[in-house]
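S.K.: Build me a structure from this.
(chains A, B, C and D)
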2 protein chains.
Amino acid sequence: MSPTIRDVAAAAGVSITTVSHVLSGQGRISEETRQRVARAAAELGYQASVHAQQLVTRRSRTLAIQLANSVDASSACALVPNSDYFLEVLNGAAEAASKRSYALLLTPMDADLDRLNAFAVDGAILVDPRGDEPFFASGWCQDRPLVTVGRPMAAPCPVPVVVDNDLVAAARLMLDHLADNGYERPSMITTDTARSYAADLVAGYSGWMEDRGLEPVVVEIDEPPTTEGTAAALGRLLDRQVCPDAVFTTSENLALGVLHEARRRRLEVPGVLGICSAVDSGSLRLVSPQVTGMFVHPRDVGGRAATALMDLVEGVAGEQPHRIEVPVRLNPRESTAR
Amino acid sequence: MSPTIRDVAAAAGVSITTVSHVLSGQGRISEETRQRVARAAAELGYQASVHAQQLVTRRSRTLAIQLANSVDASSACALVPNSDYFLEVLNGAAEAASKRSYALLLTPMDADLDRLNAFAVDGAILVDPRGDEPFFASGWCQDRPLVTVGRPMAAPCPVPVVVDNDLVAAARLMLDHLADNGYERPSMITTDTARSYAADLVAGYSGWMEDRGLEPVVVEIDEPPTTEGTAAALGRLLDRQVCPDAVFTTSENLALGVLHEARRRRLEVPGVLGICSAVDSGSLRLVSPQVTGMFVHPRDVGGRAATALMDLVEGVAGEQPHRIEVPVRLNPRESTAR
DNA sequence: AGAGACTGCTAAAACGTTTTGGCAGTCTCT
DNA sequence: AGAGACTGCCAAAACGTTTTAGCAGTCTCT
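M.R.: Numbers count the residues shown, from 1 in each chain, chains lettered A, B, ... in the order given. Below you'll find the predicted structure:
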């Protein structure tokens, strides 16, 4: 089969200890020996067995990643929100991991944590957790590092690194954009505010409104959203005494749903109703009118999360918990023009 | 730390060999001993170290999965097609793997295959490959089983298991639906026909057309699709002498793009132009008019692929290459009504 | 009663690394 | 010249399993 460390040692005329030291940069080795070993390894095409390394170092060079988006397969009419976003986060994380010879393990929501323990995953990335996930309850995070995308609001233990967009500021940015375009009574439709990204957006929105002496108008709908749920939410907004003239949503599917229902009600978009989404997506550029969204650099988000986690695993990172902020870019489109 | 097989052996008063045999169901063990060992293992909460198992069995209980959808991060305006679909395939595969204590490794397109070899992945799932992926060129598939979703059309080596929808039949189904609703000159817009799903759809379409003595009208656009590319494709269709009255697309984003451009050109949809997509998606239900699509059971597709791969790895499966067909459900919506 | 088969169990080797402790030899002081 | 530090290397233990080969003991024949 593939060459082992013993083959390299034999080829270079040294002990396996020396080979190990050369390859890992440990120990004291003369320059000449170093080169000889390196050459032998290269010639043989030697690749250290990850399994043997794992067994002895008790590290696996493996990261787990879990998405919040898991929808129960039973309800065929549920809509997976922000799937463009999630897919890009995954891609970003996978690429970053691969670059440093780590593997990225995709963990379903209902996964058995004991199983993960058996695989001795070095750390985990949770994308948009609520804080009630098994990872937190089981004390998992006491043994191994954890990085989240978004803050786990109900988490019982602190998370060393949080990767996030500044969505409070982002919401304000979006509202300024709406105001610039003459919208005076913006409202919000959100999913589960137990997730920090939704909570932050609502907070940003509410703060902005209160700064101007306006009453925030927020409707929260069940997760996962459905066509009907979204339509009903818009209905509740429009039934108000003071009817909103813009809707800001926390996901692309909510925005599309609102647009759909607005059309059905023959509301002019933009004009009578402005629509925008906090998470951009390809589909927002493909509807008429094109919908304004915020590009949150999902690939970056995934990459930064994975990188931070690997730093933690290797002890490279600073010790204290910190937060990595990824910028947001507003993509103004027709749906919020005047 | 966590208990080892030695702890269990001591607790049950047997050798570690016996424990191993009991837990793996190998060897000859008396019923009484079996129970005693099982109880001891359960009481200690024993979990075999995957790493040690991997080292000695040279199996990793790990599957790699690679998606076709990887878009180069540079071009921010490219559209990831069918992201709902891909995400569900991933979820389905991850769940199936997790149920049998396998791990699912997400492999980016540019991943180093040597690295995968080091992780000793037991097998790989390729989603919508073309056949020119490194997996095929490097002879990877000679050592380890490979399962693809869709046929790798340019593959140099045969693939033991292919999971697929019968998209030739599905295309015909869709065209029958269009014909039932009075559309007489259906056309197609497709992405890269080097992927079998697109090729099959085109084949089904062309066959159906030729059966009726009609000339197939197909426009192929570059991958990944852009808003402009899609609009241009529709333009080319409409410029024809015999102008099509329906467009069938290979992805949800193409359908949305066509709808968008049709609106811009003030074409009535449905009516003047029918639109439908070969892959369903949440967004198709959220636009006006709602767009007809085919639900291809992506979660099932992922699950079946993972299951087939695990069977292959464990030698459970029949030896000869075969094909697993997942049914397709047509979801008729407004965009193809009359 | 002896041969042979079967049963229930175990000792020990193997998998391919990392890491610890140590051993000669050389250099640098006093 | 002798003590001490430093250099370059290595033997061996450890990591936690699976698997092979074999050993008593019991059963079932003739």
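S.K.: tell me the SS of A:A111?
M.R.: Following DSSP: H, G, I helix; E, B strand; the rest coil, we place A:A111 in the coil state.
S.K.: That one - nearest residue in space that isn't next to it in sequence?
M.R.: B:S98 (4.9 Å; C-beta to C-beta, 6 or more residues apart in numbering or on different chains). Using the backbone N, CA and C atoms, a C-beta is placed for each residue, glycine as well.
S.K.: The strand or helix carrying the one you found - contacts with which helices or strands?
M.R.: In this structure, B:S98 sits in helix B:83-99 according to DSSP states H and E. Under the contact criterion of 3 or more C-beta pairs under 8 Å, 6 or more residues apart in numbering or on different chains; DSSP states H and E, helix B:83-99 touches helix A:83-99, strand A:103-106, strand B:62-67, strand B:103-106, strand B:123-127, helix B:298-314.
S.K.: For stretch A:13-30, C-alpha coordinates in PDB please.
M.R.: The C-alpha coordinates for stretch A:13-30 follow below in PDB (Å, rounded to 0.1, in the frame of the first residue of the first chain):
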ATOM      1  CA  GLY A  13      18.800   6.100   6.700                       C
ATOM      2  CA  VAL A  14      17.400   7.500   9.900                       C
ATOM      3  CA  SER A  15      14.900   6.400  12.600                       C
ATOM      4  CA  ILE A  16      11.200   7.000  12.400                       C
ATOM      5  CA  THR A  17      11.500   9.400  15.300                       C
ATOM      6  CA  THR A  18      13.700  11.600  13.200                       C
ATOM      7  CA  VAL A  19      11.300  11.500  10.200                       C
ATOM      8  CA  SER A  20       8.400  12.400  12.500                       C
ATOM      9  CA  HIS A  21      10.400  15.300  13.900                       C
ATOM     10  CA  VAL A  22      11.400  16.600  10.500                       C
ATOM     11  CA  LEU A  23       7.900  16.400   9.200                       C
ATOM     12  CA  SER A  24       6.300  18.200  12.100                       C
ATOM     13  CA  GLY A  25       9.100  20.600  12.700                       C
ATOM     14  CA  GLN A  26       9.700  19.400  16.200                       C
ATOM     15  CA  GLY A  27      13.000  18.500  17.900                       C
ATOM     16  CA  ARG A  28      16.500  19.200  17.000                       C
ATOM     17  CA  ILE A  29      17.600  18.100  13.500                       C
ATOM     18  CA  SER A  30      20.600  19.100  11.500                       C
END
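S.K.: That one close to DNA strand D?
M.R.: Yes: Stretch A:13-30 reaches DNA strand D (C-beta under 7 Å from any atom of the strand) through A:G13, A:V14, A:S15, A:I16, A:T17, A:T18, A:H21, A:G27, A:R28, A:I29, A:S30.
S.K.: Next, the contact list for the fourth one, please.
M.R.: Looking back up the chat, that one is A:I16. A:I5, A:R6, A:V8, A:A9 (C-beta atoms under 8 Å, 6 or more residues apart in numbering or on different chains).
S.K.: Report pLDDT for it.
M.R.: The model reports A:I16 with a pLDDT of 94.
S.K.: From A:A41, how far out is it?
M.R.: Counting by C-beta to C-beta, to the nearest Å, the gap from A:I16 to A:A41 is 12 Å.
S.K.: A:A171 in helix, strand or coil?
M.R.: A:A171 ends up helix, using three-state DSSP.
S.K.: Run a quick neighbour tally on it.
M.R.: Residues lying near A:A171 (other C-beta atoms under 10 Å in any protein chain shown) number 26.
S.K.: so what's it closest to, chain neighbours aside?
M.R.: Going by C-beta to C-beta, 6+ apart, A:A171 has A:G204 as its nearest residue, at 2.8 Å.
S.K.: hang on, the earlier thing: any chance of the residues of stretch A:13-30 next to DNA strand D in JSON lines, plus secondary structure?
M.R.: Shown next, in JSON lines, are these (three-state DSSP):
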{"residue": "A:G13", "secondary structure": "coil"}
{"residue": "A:V14", "secondary structure": "coil"}
{"residue": "A:S15", "secondary structure": "coil"}
{"residue": "A:I16", "secondary structure": "helix"}
{"residue": "A:T17", "secondary structure": "helix"}
{"residue": "A:T18", "secondary structure": "helix"}
{"residue": "A:H21", "secondary structure": "helix"}
{"residue": "A:G27", "secondary structure": "coil"}
{"residue": "A:R28", "secondary structure": "coil"}
{"residue": "A:I29", "secondary structure": "coil"}
{"residue": "A:S30", "secondary structure": "coil"}
